[in-house]
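Visitor: The sequence isn't on hand, but the structure is:
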């Protein structure tokens with residue numbers, strides 16, 4: 001009987017130890033859950049802030065690029081306009097030269113029709129032989 005009492009006492013101590021261990025484990029798990037929840041909250045806030053920063057930086061970069069591109073294209077359009085004006089001026093000059101050449105060709109042809117050019121060339125040739 002003494003042995004039975006001793007066994008009951010040991011069983012009671014085991015139950016108390018299990019209860020104490022169970023309570024300690026529950027407290028530890030609760031602390032762990034709180035720590036994990038806090039870490040996730042901090043991580044979520046940090047990620048949200050990082051994404052906001054990335055969005056702002058990207059938007060600013062794209063706006064700057066768009067402005068630079070627009071400014072460059074406006075400058076190019078101005079240069080192309082100036083170049084077109086220069087080409088038009090050269091084209092006008094070419095037409096004037098062509099008209100002058102055509103006029104000179106006509107004058108030479110008309111002069112030669114009357115034999116005057118042949119007479120002039122002959123006179124120059126004779127002038128060159130005189131010494």
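Guide: Done, it's in. Everything numeric in this text was worked out from a predicted model, so none of it was measured.

Visitor: Pull up the gap between the residue of the chain most remote from its centre and residue 7, please.
Guide: Most distant from the centre of the chain: residue 1, at 92.9 Å, with distances by Cα atoms, centre = their mean. Noted for residue 1: a distance of 11 Å to residue 7, by Cβ to Cβ, to the nearest Å. For every residue, glycine as well, the C-beta is placed using N, CA and C.

Visitor: and the gap between the residue farthest from the centre of the chain and residue 15?
Guide: Noted for residue 1: a distance of 21 Å to residue 15, by Cβ to Cβ.

Visitor: Where does the prediction get shaky in this protein?
Guide: 111-117, 128-131 (pLDDT under 70).

Visitor: where exactly do the helices run in it?
Guide: In the chain, the helices defined using DSSP state H lie at 2-113, 116-129.

Visitor: tally of neighbours for residue 50?
Guide: Close neighbours of residue 50, defined as other Cβ atoms under 10 Å, add up to 10.

Visitor: just residue 2 next, same as before
Guide: Residues lying near residue 2 (other Cβ under 10 Å) number 6.

Visitor: Quick check: it vs residue 38, distance?
Guide: 54 Å.
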